[in-house]
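Colleague: Model the structure of this input:
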Amino acid sequence: MPPEMESLSDKWLLMKQIIKFLYILPFLLFTFPAMADGLPGYRLGAGDVLQITVWKEDGLDKEILVRPDGGISFPLVGELQAGGRTTADLRQELVQKLKRFIPDPVIDVSLRQLNNNKIYVVGKVNRPGEFAAPHYMDVMQALAMAGGLTSYASSGNIKVLRRINGKEQAIPFDYGEVAGGDNLKQNIILNSGDVVVVP
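Modeller: Next up is the predicted model:
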C-alpha cells in the first residue's frame, strides 16, 4: 500500500475511534456521578439527590431530592424514609412495595449528588467553614479544603469533635506526625457533622 494510502487509513481509524468516544461520552457523564453509590455503607441524608429507575417502566424513572426530614415521595408507593439508610436498603423496600403493582420489579437506586456529607473546620486555618464533601474525606483532606493551617496554629493539638449517640467525643490529631508519615491511623475518615478544631 502506498504511504499516502496508509496515512489515510490511519487517519480514518483515528476518526472512527473519536466518533465512538463521542458516542459513549453522554453515557459516561450520566453514569460517573452515580458511582458515588459505590461508597460502602454511606447513609443518605437531607439534600442528597437519588436517581430511581424501574426497568421497563419509564414513567417511574425519577430524580428525587431527599427532604430535610429525610423523606422522599415515589409514585405508587407514597412516602418513604430515605434518611439514615443506604441505597441498597431503600431499593429493597421499593422492590417489596412495588410488587403489588409490578410483578418482579427490577429497580436501581443510585446516588446522583452527595450533598449531605458536610464537615466543619474551625480555628486557625486559612478558610474556616462548612464543607460539603463529595466523597469520603479524611482529616488531612479537610484541612487542605480549609486552605491549610495558619502560622499560629498549634498543629500538635488538633481535635476532631464527633457526636456519637448524643455524646460528643474529642479525637486527637497531630498534623506534624501525619504529615511526616507517622502514626497515620490518626488520619481518620470524617463523618458527616464532624468538626475539626485547630487551636
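Colleague: got the contact list for residue 72?
Modeller: 50, 64, 65, 66, 79, 80, 82 (Cβ atoms under 8 Å, 6 or more residues apart in numbering). No exception for glycine: its C-beta is placed from N, CA and C like everyone else's.
Colleague: Residue 69 too?
Modeller: 46, 83.
Colleague: Same check on residue 154?
Modeller: Applying Cβ under 8 Å, 6+ apart, the residues near residue 154 are 124, 198, 199.
Colleague: Going by distance to residue 114, which of these wins?
Modeller: For these, the closest approach to residue 114 (Cβ to Cβ) belongs to residue 198, at 25.0 Å.
Colleague: What's opposite the closest one in the beta bridge?
Modeller: Beta-bridge partners of residue 198, counted by DSSP bridges, are residue 123.
Colleague: That one against residue 127, yeah?
Modeller: No - if you go by Cβ atoms under 8 Å, residue 198 and residue 127 don't touch, sitting 11.6 Å apart.
Colleague: Neighbour count: these two, which is higher?
Modeller: residue 198 (23 against 10; other Cβ atoms under 10 Å).
Colleague: residue boundaries of the strands in this structure?
Modeller: Using DSSP state E, the strands found in the chain span residues 49-54, 62-65, 71-74, 78-81, 107-113, 118-123, 129-132, 158-164, 167-173, 195-198.
Colleague: any chance of the ones you listed in a markdown table, with mean pLDDT and distance to residue 184 too?
Modeller: Listed next are the strands of the chain as a markdown table, based on pLDDT from 0 to 100; distance: least, Cβ to Cβ, whole Å:
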| stretch | mean pLDDT | distance to residue 184 |
| --- | --- | --- |
| strand 49-54 | 93 | 33 |
| strand 62-65 | 93 | 37 |
| strand 71-74 | 94 | 38 |
| strand 78-81 | 92 | 37 |
| strand 107-113 | 88 | 28 |
| strand 118-123 | 93 | 19 |
| strand 129-132 | 89 | 22 |
| strand 158-164 | 92 | 15 |
| strand 167-173 | 93 | 11 |
| strand 195-198 | 96 | 17 |
